[in-house]
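K.L.:
my questions are about this predicted structure, shown below with the sequence.
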2 protein chains.
Amino acid sequence: MTETPRPQRADAVRNRRALLSAAADEFAERGLDASIADIARRAGVGKGTVFRHFATKDDLLAAIVIDRMDALNAEGERLLREEPDAGVALRGFLAAAAEQRQQRDLSFLQQAGDLSPEVTAVRTRMYDTIDKLVDHAHESGAVRKDVTGTDVILLMCAPNYVVSYVPNAPPDLWRRYLAIIFDGLRPEGAQPLPHPPPATTA
Amino acid sequence: MTETPRPQRADAVRNRRALLSAAADEFAERGLDASIADIARRAGVGKGTVFRHFATKDDLLAAIVIDRMDALNAEGERLLREEPDAGVALRGFLAAAAEQRQQRDLSFLQQAGDLSPEVTAVRTRMYDTIDKLVDHAHESGAVRKDVTGTDVILLMCAPNYVVSYVPNAPPDLWRRYLAIIFDGLRPEGAQPLPHPPPATTA
DNA sequence: GGAGAAAGTGACCGAGCGGTCCGTTTAGTG
DNA sequence: CACTAAACGGACCGCTCGGTCACTTTCTCC
């Protein structure tokens, strides 16, 4: 039943990879409204080629988002499996998220809404992983009980956001703000939170 | 020496006010790329009128930014004068900042860079006020010593940022995240910070 | 109420965008 | 090597945007 969809031509796979990489760079430098023309030029191909590989600009963006979220989720699952200290695991995940986004300024990723069912799927998977990390951290007492997985998802991107307003920020300044926020998550001396958590994000 | 620059006509001041209000609303709803044409329509004037009052779109934005930052700074100075508990004062200021930005979604304000010397001036004034609030909080022991004024400036907008990813968020959800972050600023049980603070933002 | 300056208006311009289309090039195959 | 389908390229289209300008309307003051 499975069709044999004639493998892609060599130049096509090469160009697709170049395009993905150029797009990530370009989005990183100019934000979400980097132009397709610039991306094409950076990848050394014509504009038409971009649309041959990705039907719309959003599809191109979705491909990048899926790639990164998948990698991040994999790291989360690895920590879940291999790191016995639940607090260290959660913090390690948050660090990985911040690092990935800092490496090439990928903060634009956050602005990407629901681009496609695939994006929604990989995001849901990642949210599940985060929920598990937070549950374990609750059980081990590393994180205050009134903080939910959704809270952590929301706070996850805050260090990068904060750092993005520092011109020429050193590449690991985010560690400072992650530390402050993580301290806010710890149970010691925590004040009761003034507002119920939001429902889980769809 | 002071010239007497013939006061503005009545319709001019009326339209200017309408324009500022319409622009704030429009920017709040559509972000920074709300179009001048839409703003003009909302204010009930022609497009040409917008440019009569504000030479460029950036000038219009700058006028709004100055307005809001000035108000916020005034509140900060009031707290400095009237609130004896330095911890309460700092927290009150952060709450005022979050509230102002939430009220009409003004998160776009953060994205506004250096639009004009006036913006830079009012921003510098506000930063001074924040520095004083933080200094007092240090002295009274309400805030950990290794957190600087610049840190607070950077973290100030994080609650709004976080909430902006919750669809149909209740209007004071920001309080939850301000509480978490503020807990991270308190000296009790704080872990040493892993990275030096950035230099004061110009 | 009338003169003149100030303010308002919307058609218009040029630039840049995402996306299309078709003639051309090129990788794979027997 | 020759042939074909896949992939490429870039001129082109329609649209929207910020900003301009010549003309009209409205306020203000005597």
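P.N.:
Okay, I see it.

K.L.:
was I right to think residue A:159 contacts residue A:181?
P.N.:
Yes - the pair residue A:159 and residue A:181 qualifies as a contact (C-beta atoms under 8 Å) at a distance of 6.6 Å. Glycine gets a C-beta too; all of them are placed from N, C-alpha and C.

K.L.:
comparing the two, which shows the higher neighbour count?
P.N.:
Just comparing residue A:159 and residue A:181: by other C-beta atoms under 10 Å in any protein chain shown the higher neighbour count belongs to residue A:159, 29 against 25.

K.L.:
so which elements touch the helix or strand encompassing that one?
P.N.:
Residue A:159 belongs to helix A:158-163 when elements are defined using DSSP states H and E. For helix A:158-163, the elements it packs on are helix A:86-103, helix A:174-185, helix B:149-156, helix B:158-163, judged by 3 or more C-beta pairs under 8 Å, 6 or more residues apart in numbering or on different chains; DSSP states H and E.

K.L.:
DNA strand D: which of the ones you listed is closest?
P.N.:
helix B:158-163 (23.2 Å; C-beta to the nearest atom of the strand).

K.L.:
list of residues touching that closest one?
P.N.:
Defining contact as C-beta atoms under 8 Å, 6 or more residues apart in numbering or on different chains, one finds that helix B:158-163 is touched by A:154-155, A:157-158, A:161-162, A:181, B:94, B:98, B:101-102, B:107, B:110, B:169, B:173-175, B:177-178, B:181.

K.L.:
the longest helix along chain A vs DNA strand C: in contact?
P.N.:
The longest helix of chain A (DSSP state H) is helix A:57-82. Yes - with C-beta under 7 Å from any atom of the strand as the criterion, DNA strand C is reached by helix A:57-82 at A:57, A:58.

K.L.:
just to revisit the earlier point, out of the helices and strands packed on helix A:158-163, deepest packed?
P.N.:
Of the helices and strands packed on helix A:158-163, the one with the most neighbours on average (mean count of other C-beta atoms under 10 Å in any protein chain shown) is helix B:158-163, at a mean of 25.

K.L.:
what about that helix, distance to the chain center?
P.N.:
13 Å (C-alpha atoms, centre = their mean, to the nearest Å).

K.L.:
how many neighbouring residues does residue A:130 have?
P.N.:
22.

K.L.:
same question but for residue A:165, I mixed them up
P.N.:
With other C-beta under 10 Å as criterion, residue A:165 counts 15.

K.L.:
correct me, but it touches residue B:154?
P.N.:
Yes - using C-beta under 8 Å, residue A:165 is in contact with residue B:154, at 6.0 Å.

K.L.:
so for stretch A:122-140, what gets flagged as buried?
P.N.:
A:122-123, A:126-127, A:129-134, A:136-138 (16 or more other C-beta atoms under 10 Å in any protein chain shown).

K.L.:
ok, and does that stretch reach over to chain B?
P.N.:
No - under the criterion of C-beta under 8 Å from any C-beta of the partner chain, stretch A:122-140 makes no contact with chain B; the nearest approach is 11.7 Å.

K.L.:
what lies in contact with that stretch?
P.N.:
A:65-66, A:69-70, A:72-73, A:76-77, A:79-80, A:85-87, A:89-90, A:93, A:143, A:145, A:147-149, A:152-153, A:156, A:200-201.
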